[in-house]
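Engineer: I'd like to go over a predicted model; first the sequence, then the structure.
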Amino acid sequence: MTNIKLGIVGGGQLGRMSALAAANLGIETVIYCPEPDSPASQVVKTTINGAYDDQTKLQEFADQVDYISYEFENIPVETVEFLEQHKPVYPKASLLQASQDRIEEKTFLNNIDIPTARWAAPKTPQDVLDTLNVWNAKECILKTTRFGYDGKGQARYTGDTDIETLWTQFNDQTLIMEEIVDFTCEISVIVARDVNGKIIHYGPMLNEHKNHILSKTTLPAPLDKDVCDEAVRLTERLAKHIGLKGVLTLELFVTSDNSLLANEIAPRTHNSGHWSIDACAHSQFENHVRAVCDLPVLGPARHSDCEMLNLIGDDVENLDEMMKTDKACIHIYGKHEVKPGRKMGHVTILK
Ligand code: AMP
């Protein structure tokens, strides 16, 4: 019997699915989040509700658990640094920090020879125009360096737009500009690395988006073996380089000549890996818990090809057909309010 208590900061669906995987291993999870009745709280015995900067509550949380992880990347780095003083926290705050800032993230990736789209850090609208001149390009994507997700905090600059007007829409936030990648598809690789340095991986997965939100993931990705191997190699290089303990995800573009360009790091389990609950012996959530709690990572021993469909907004109210389908594995996250664009659950369809 394991006698471990795991603390997870964040109350969303990733925390919920990690807590369920932990329970299967006999590990009790304590959730820390500001919201009452969160998706993760609904499946654990203990939740501590507190703000991410409430050191008294954070201390109370740390005192109750043996290991700590987090389930989304927009928690303040200071919260993780505070918790690190009290209990082992994985992944480390340094990875969280790099993933929260697109400039730090791209610099870090490029420094370890992981290619990205060409990028620059413009300080003024004129810098955007000057850089486009150097790139000999007419268009680019502008993104806020922090707190962007699901396409929020980004805009495409085309020669037709007025750059000053576009710039002011960002309200003085620090921006990165990126060349527009003419990609043929978007993929991701998830790796888990344990205390002994063993690495296992999921994918690459083929990811399709609607309105910038992940809509469908297909496994295996229909790509050349060389491309798949390279995507895994790049993600493993990243994990080794940072001495990862836990799970991380690398999102990549595949271009028409089969080159790979990294787009984003997520220092956590990922929506594109949810199929692993139903199509593998060992899911991304189980391996997340294992890696963080100093247990060996395993497998993942995928036994089925599959597709994962996100249930976004009112998709969750139209499940009659899925409910009658043998190979459809439904997961509902327990969010009380249906909102457009909100991830309410997912379905894995085994092939
Ligand atoms: P991100 O917030 O960086 O994950 O971007 C959200 C989505 O915007 C990506 O999944 C892509 O579909 C698209 N996108 C982001 N960056 C670029 C780029 N440099 N070139 C082309 N499309 C992009």
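Structural biologist: That came through fine. Numbers count the residues shown, from 1 in each chain.
Engineer: from here on, contacts and neighbour counts on C-alpha atoms
Structural biologist: OK.
Engineer: Gly15 falls within a helix, correct?
Structural biologist: Yes. Assignment of Gly15 by DSSP: H, G, I helix; E, B strand; the rest coil places it within a helix.
Engineer: count the neighbours of it for me.
Structural biologist: Other residues within reach of Gly15, judged by other C-alpha atoms under 10 Å, total 29.
Engineer: I figured it was touching Glu71, is that so?
Structural biologist: Yes. The pair Gly15 / Glu71 is scored as a contact, 5.5 Å apart, by C-alpha atoms under 8 Å.
Engineer: residues in contact with the closest residue to Val44 other than its chain neighbours?
Structural biologist: Ranked by C-alpha to C-alpha, 6 or more residues apart in numbering and with sequence neighbours excluded, the top spatial neighbour of Val44 is Thr29, at 6.3 Å. Shown in contact with Thr29 (C-alpha atoms under 8 Å, 6 or more residues apart in numbering): Lys5, Leu6, Gly7, Ile8, Ala19, Ala22, Ala23, Val44, Lys45, Thr46.
Engineer: identify the residues contacting the longest helix along the chain?
Structural biologist: Using DSSP state H, we find that the single longest helix of the chain is helix 225-241. Residues from elsewhere that reach helix 225-241, judged by C-alpha under 8 Å, 6+ apart: 109, 112, 114, 189-191, 193, 197, 199, 201, 203-204, 248-250, 252, 258-260.
Engineer: now the helices for this structure?
Structural biologist: Using DSSP H, helices in the chain cover 13-24, 55-64, 77-84, 93-100, 102-111, 125-135, 163-168, 225-241, 276-279, 284-292, 320-323.
Engineer: out of those helices, flag the one nearest the ligand.
Structural biologist: Closest approach to the ligand among the helices of the chain is made by helix 102-111 (8.5 Å; C-alpha to the nearest ligand atom).
Engineer: just confirm yes or no for the closest one near the ligand.
Structural biologist: No. Judged by C-alpha under 6 Å from any ligand atom, helix 102-111 stays clear of the ligand, getting no closer than 8.5 Å.
Engineer: which other helices and strands does that helix contact?
Structural biologist: Applying 3 or more C-alpha pairs under 8 Å, 6 or more residues apart in numbering; DSSP states H and E, we find helix 102-111 packed against helix 93-100, strand 260-266.
Engineer: averaging pLDDT over each of these, which comes out lowest?
Structural biologist: Out of these, helix 93-100 stands lowest, with a mean of 87 (criterion: mean pLDDT).
Engineer: near the ligand, which residues of the stretch 151-300 of the chain are found?
Structural biologist: So the stretch 151-300 of the chain meets the ligand at Gly151, Glu178, Glu179, Ile180, Val181, His212, Asn263 (C-alpha under 6 Å from any ligand atom).
Engineer: for the third one, which residues are in contact?
Structural biologist: Listed by C-alpha under 8 Å, 6+ apart, the contact set of Glu179 reads Ala117, Arg118, Trp119, Glu139, Cys140, Ile141.
Engineer: just the buried ones among the contacts of Thr29, please.
Structural biologist: Lys5, Leu6, Gly7, Ile8, Ala19, Ala22, Ala23, Val44, Thr46 (16 or more other C-alpha atoms under 10 Å).
Engineer: a markdown table for these, including distance to Asn271 and pLDDT?
Structural biologist: Output for those, formatted as a markdown table (distance: C-alpha to C-alpha, whole Å; pLDDT from 0 to 100):
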| residue | distance to Asn271 | pLDDT |
| --- | --- | --- |
| Lys5 | 25 | 97 |
| Leu6 | 21 | 98 |
| Gly7 | 21 | 98 |
| Ile8 | 17 | 97 |
| Ala19 | 16 | 98 |
| Ala22 | 18 | 98 |
| Ala23 | 20 | 97 |
| Val44 | 21 | 98 |
| Thr46 | 25 | 97 |
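Engineer: ok, which of those residues also contact the ligand?
Structural biologist: Restricting the buried ones among the contacts of Thr29 to those near the ligand - C-alpha under 6 Å from any ligand atom - leaves none.
Engineer: what is the nearest of these to Asp127?
Structural biologist: Nearest to Asp127, judged by C-alpha to C-alpha, of the buried ones among the contacts of Thr29 is Ile8 at 41.6 Å.
Engineer: my read: the closest one touches Ala22, true?
Structural biologist: No. Judged on C-alpha under 8 Å, Ile8 makes no contact with Ala22 at a distance of 10.9 Å.
Engineer: any weak-confidence spans in this protein?
Structural biologist: Low-confidence segments of the chain (pLDDT under 70): 1, 149-151.
Engineer: which residues sit against stretch 201-216?
Structural biologist: So stretch 201-216 is contacted by 150-151, 185-192, 217-222, 228, 231-232, 271-273, 276, 284, 300, 307-312, 341 (C-alpha under 8 Å, 6+ apart).
Engineer: fine, thanks again, bye for now.
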